[in-house]
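Student: Quick one: sequence plus predicted model below, questions after.
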Amino acid sequence: MELKRDGLRHAATILLGIMVEVPSVCYIIDHFCDEVDFFSIGSNDMTQYLYAVDRNNPRVSPLYNPITPSFLRMLQQIVRTAHQHGKWVGICGELGGESRYLPLLLGLELDELSMSSPRIPGVKSQLRQMDSQACRALAAQACECRSAEEIETLLNQFAPQKDVRPLLALENIFVGESLSNKEQVIQFLCGNLGVNGRTEHPFELEEDVWQREEIVTTAVGFGVAIPHTKSQWIRHSSISIARLARPVDWQSEMGEVELVIMLTLGADEGINHVKVFSQLARKLVNKNFRQSLFAAQDAESLLALLEAELTF
């Protein structure tokens, strides 16, 4: 109003919100609804102040835990009051990107979750699989629990149906990609798995792939490399393929690489990763099979060829 009164240029439509980071604000959310357009709950500081626990003090930091009945009831009260007044509520901090607690946050009817950008695709994929009504029931139960342990038990029992993704899929096959070195190729393929919700941790997955590369080169000759890992960071085991626009140096005596077939299999896959790798390696010895891989005109043709030749 002062800007308007003084005749100064300003954007009158910019929304005004506040961070909710101290418990006292929770009891007068209705008052703040008269002043602001939205709320963002800072989960890190709010947890610390609610419990009077310094999360950086090793003597008391084990008590720092937002998944307790008191914290969840507080979130519930904030959201309900804000919604009654037509205001939206988001949450930021570490809690917003924790995949295990997404059913609770969805069930509490938070309108927005803030997190680091690499987590966004995986979280979106998870949210699409969840039943909002079931999540609301879960959140209501969690608010009635007597301890954090009871809430964790509820979460363990709550198993939203997990979508089944095929090992081979068009979304992970690329033909004619202009990538200039080994690092770019691995980063690109791991990043794509994050975009498609097959991993929530593309950077950590990439580190696992590199750990394997450091042991011994994954170039197998014939212009082909098969980088691979068995990782806790992969949500859906996947085969990713990049046929490059130009061969790249794979830092191997086997020569340059033009076709990269990356295997990223879950840590609980047993010896399946060995079977998949062995099957691919045997097929690549066949000259006709290799020629067909390099002759395929597009991703669809590559997928059809591999589906016809490989069994998993």
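Tutor: Nice, thanks for sending it over.

Student: Hmm, Ala82 and Ile41 touching each other?
Tutor: No: with contact defined as Cβ atoms under 8 Å, Ile41 does not reach Ala82; the gap is 10.0 Å. Where you see a C-beta, it was placed from the backbone N, CA and C, and this is true even at glycine.

Student: Which residues are in contact with each of these two?
Tutor: Val89 (Cβ atoms under 8 Å, 6 or more residues apart in numbering).

Student: For burial, what's the neighbour tally of Thr153?
Tutor: 12 (other Cβ atoms under 10 Å).

Student: Tell me where the stretch 201-312 of the chain has helices.
Tutor: Remark: helices assigned in the stretch 201-312 of the chain by DSSP state H, counting those that start in this stretch are 202-215, 272-285, 287-295, 299-309.

Student: If you count contacts, what does the third one end up packed against?
Tutor: Read it as helix 287-295. strand 257-266, helix 299-309 (3 or more Cβ pairs under 8 Å, 6 or more residues apart in numbering; DSSP states H and E).

Student: Could you pull up the mean pLDDT of the longest one?
Tutor: If I follow you right, that is helix 299-309. Per-residue pLDDT over helix 299-309 has a mean of 93.

Student: ok now stretch 9-17, how far from the chain's centre?
Tutor: Put simply, stretch 9-17 sits 33 Å off its chain's centre (Cα atoms, centre = their mean, to the nearest Å).

Student: typed the wrong thing, it's stretch 208-215
Tutor: The chain centroid and the centroid of stretch 208-215 are separated by 22 Å under Cα atoms, centre = their mean.

Student: And it, what's buried?
Tutor: Asp208, Val209, Trp210, Arg212, Glu213 (16 or more other Cβ atoms under 10 Å).

Student: go on, stretch 73-87?
Tutor: Met74, Leu75, Gln76, Ile78, Val79, Thr81, Ala82, Lys87.

Student: With just CA atoms, put that stretch into CSV.
Tutor: Provided in CSV are the C-alpha atoms of stretch 73-87 (Å, rounded to 0.1, in the frame of the first residue of the first chain):
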residue,chain,number,x,y,z
ARG,A,73,-1.0,-33.4,14.2
MET,A,74,0.6,-30.0,14.0
LEU,A,75,0.8,-30.3,10.2
GLN,A,76,-2.8,-31.5,10.1
GLN,A,77,-4.0,-28.4,12.1
ILE,A,78,-2.0,-26.0,9.9
VAL,A,79,-3.4,-27.5,6.6
ARG,A,80,-7.0,-27.8,7.8
THR,A,81,-7.1,-24.2,9.1
ALA,A,82,-5.4,-22.8,6.0
HIS,A,83,-7.7,-24.7,3.6
GLN,A,84,-10.8,-23.5,5.6
HIS,A,85,-9.6,-20.0,4.7
GLY,A,86,-8.8,-20.8,1.1
LYS,A,87,-5.0,-20.7,1.4
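
Student: Give me the contact list for that stretch.
Tutor: By Cβ under 8 Å, 6+ apart, the list of residues contacting stretch 73-87 reads 20, 23, 26, 29-30, 33, 36-39, 41, 46, 50, 88-89, 91, 108-110, 139, 143.

Student: Just the buried residues from the residues you listed, in ChimeraX please.
Tutor: In ChimeraX syntax, the buried subset of these is picked out as below (16+ other Cβ under 10 Å):
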select :20,26,29,33,38,39,41,46,50,88,89,91,108,109,110,139,143
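
Student: So which of the contacts of stretch 73-87 belong to strands?
Tutor: Val20, Phe38, Phe39, Ile41, Trp88, Val89, Ile91 (DSSP state E).

Student: Which one of those is nearest to Glu258?
Tutor: Set against Glu258, the nearest of the ones in strands among the contacts of stretch 73-87 by Cβ to Cβ is Ile91 (46.1 Å).
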